[in-house]
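1. sequence-free structure coming up:
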């Protein structure tokens, strides 16, 4: 992946395939600590220990349409190529947590890309799924929980075009863009 | 042109495969996601990446073979998997540009 935001989208797609209804995305982008820390945590169906041990192998996939799954292996490789670390924990019926931490000033660390678009794409995909988003850098932090927004919206679905447009501006502003 | 025909170049075949694959195209790339998006069937792929993921990409796209350039050399697990899948692995001390010039001279 050329951008970290695309990798995050790919990981969230895994969570959605695992029927997650609650997804936490935690990002710390810090020059001071020389790191870009990405954490994705879901309450999806999770994996058995046996599956978990194979998941970073590209020749393992749960899909039946093809025999190769490269999402997690590529994320791991990308993070480790910068001297960072990758970690995945999962429990059946509980969920999965993936951590990837890039070394920020390494020359192979991909650019962040467009996190606003990643968030918006996720939110509009399925209104039943809730996202808890946290972003911080050395100067400011931004938090958003779709449950809070849904409470304000009442019966209006969160993925209605007008709401999505408003949300996009809201996240952009929050992200100082 | 078949993979075995490029073995006359200063290249080393490092696994035990037939090399009868037809080379229809050549692609140079080190960012696997980009290679996945643009690689075509029958491609001879030149890269410095040597992770097992490289073999997965080659298998996924039905590549003719992989050449590790600039002395890049894969580990045993990667070689084994490629052999199992009958994907030729070649190594070259040359960089991708120099090797491509050789391939063009050969008629590719």
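-> The structure has been received and is ready for your questions. The structure presented is a predicted model; accordingly, all values stated were derived computationally and were not measured.
2. Of all the helix elements in chain B, which one is longest?
-> For chain B, the longest helix by residue count, based on DSSP state H, is helix B:96-106.
3. element containing the residue of chain B found nearest chain A, please.
-> Here chain B gets closest to chain A at one residue, residue B:56, 3.4 Å apart by Cβ to the nearest Cβ. C-betas here are computed from N, CA, C, even on glycine. Assigned by DSSP states H and E, residue B:56 falls within helix B:52-60.
4. for that helix, packing partners?
-> The criterion is 3 or more Cβ pairs under 8 Å, 6 or more residues apart in numbering or on different chains; DSSP states H and E, and the helices and strands that helix B:52-60 contacts are helix A:71-80, helix B:32-38, strand B:43-47, strand B:65-68, helix B:76-84.
5. Can you lay out those as TSV showing mean neighbour count?
-> Formatted as TSV, the entries for these read as follows, by neighbours: other Cβ atoms under 10 Å in any protein chain shown:
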stretch	mean neighbour count
helix A:71-80	21
helix B:32-38	17
strand B:43-47	24
strand B:65-68	25
helix B:76-84	16
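6. Looking at those, which is nearest to residue A:164?
-> Set against residue A:164 and scored by Cβ to Cβ, these come closest in helix A:71-80, at 25.4 Å.
7. average pLDDT for that closest one?
-> The average of the pLDDT scores along helix A:71-80 is 94.
8. What's the first helix or strand after it?
-> Per DSSP H and E, helix A:71-80 leads on to strand A:85-91 as the next helix or strand towards the C-terminus.
9. Need the residues that contact the helix or strand following that next one.
-> In the C-terminal direction, the helix or strand that comes right after strand A:85-91 (DSSP H and E) is strand A:95-103. Under the contact criterion Cβ atoms under 8 Å, 6 or more residues apart in numbering or on different chains, strand A:95-103 has outside partners A:4, A:7, A:11, A:14-15, A:18, A:20, A:34-44, A:46-47, A:72, A:75-76, A:78-79, A:82-90, A:109-110.
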